[in-house]
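Engineer: compute the structure for the input listed below.
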Amino acid sequence: MLDVRPLAYQEEIRECLKAEESELWRWFSSEKFLDAYADDARLEILKCAYRLDRENHGALYAQADQVRARLELSAPLTLYQSQLSTQLNASLSYLPCEAHLIFSGPILTTLAPTEVQWVMGHELSHFMLFDGFGGEFLVTDQILHAMASSQARFRRARRPLCSRRSSGRTSASLPSSDLRLSSVRSRKAACSRGIL
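Structural biologist: Model prediction:
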């Protein structure tokens, strides 16, 4: 796999969450959570998309194989078409050591083949970020999704998640009382999409 590095802000958010939300970090890093996450991700794929098999979509898989080769990515890749969205988009459904790309709307017929490859490369970069670095950016992503899905709770915080203080130190500005582990646990099904 190519030596891809996270952006500085991604590293800052990760460090902020590890330091300021250590209880959450431990839960989202736990084997119990990661197993449930993988089960939820598989179920979501089955509910919202149909698989594009290699036999009937050989040209698309040939494009995907070129992108994987450029990225030096050896993980298996499965392609899907969403049944729920008409908007042009693509997303990654991450599973450990497996990449699942879901295309939405008529993206495959609207974009030129080169553009489809760019989209694939972008989505597979999410895979590389989540699969590398000890899985820490997957954990970061899942915590951020849980926070976003609990908007009412976090609206009271009124400040960004991590803010730079005059000392240059990054710190979490969400009060611990606004972020209860139990509320995040109940929201883990909403945590299956990547935003990093």
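
Engineer: which stretches in the protein count as helices?
Structural biologist: 8-20, 22-29, 31-48, 58-71, 107-110, 113-131, 136-149, 151-155, 181-185 (DSSP state H).

Engineer: pick the most deeply packed of these.
Structural biologist: The highest mean neighbour count among those, using mean count of other Cβ atoms under 10 Å, belongs to helix 136-149: a mean of 22. C-betas here are computed from N, CA, C, even on glycine.

Engineer: just the angle between it and helix 22-29, please?
Structural biologist: 110 degrees (axes from the mean of the first three to the mean of the last three Cα atoms, to 10 degrees).

Engineer: pull the distance from helix 136-149 to the chain's centre.
Structural biologist: The chain centre lies 8 Å from the centre of helix 136-149; the measure is Cα atoms, centre = their mean, to the nearest Å.

Engineer: so what does it touch, helix or strand wise?
Structural biologist: Under the contact criterion of 3 or more Cβ pairs under 8 Å, 6 or more residues apart in numbering; DSSP states H and E, helix 136-149 touches helix 8-20, helix 22-29, helix 113-131, helix 181-185.

Engineer: turn those helices into JSON lines, including distance to residue 137 and mean pLDDT.
Structural biologist: Listed next are the helices and strands packed on helix 136-149 as JSON lines, based on distance: least, Cβ to Cβ, whole Å; pLDDT from 0 to 100:
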{"stretch": "helix 8-20", "distance to residue 137": "6", "mean pLDDT": "95"}
{"stretch": "helix 22-29", "distance to residue 137": "12", "mean pLDDT": "94"}
{"stretch": "helix 113-131", "distance to residue 137": "5", "mean pLDDT": "96"}
{"stretch": "helix 181-185", "distance to residue 137": "18", "mean pLDDT": "39"}
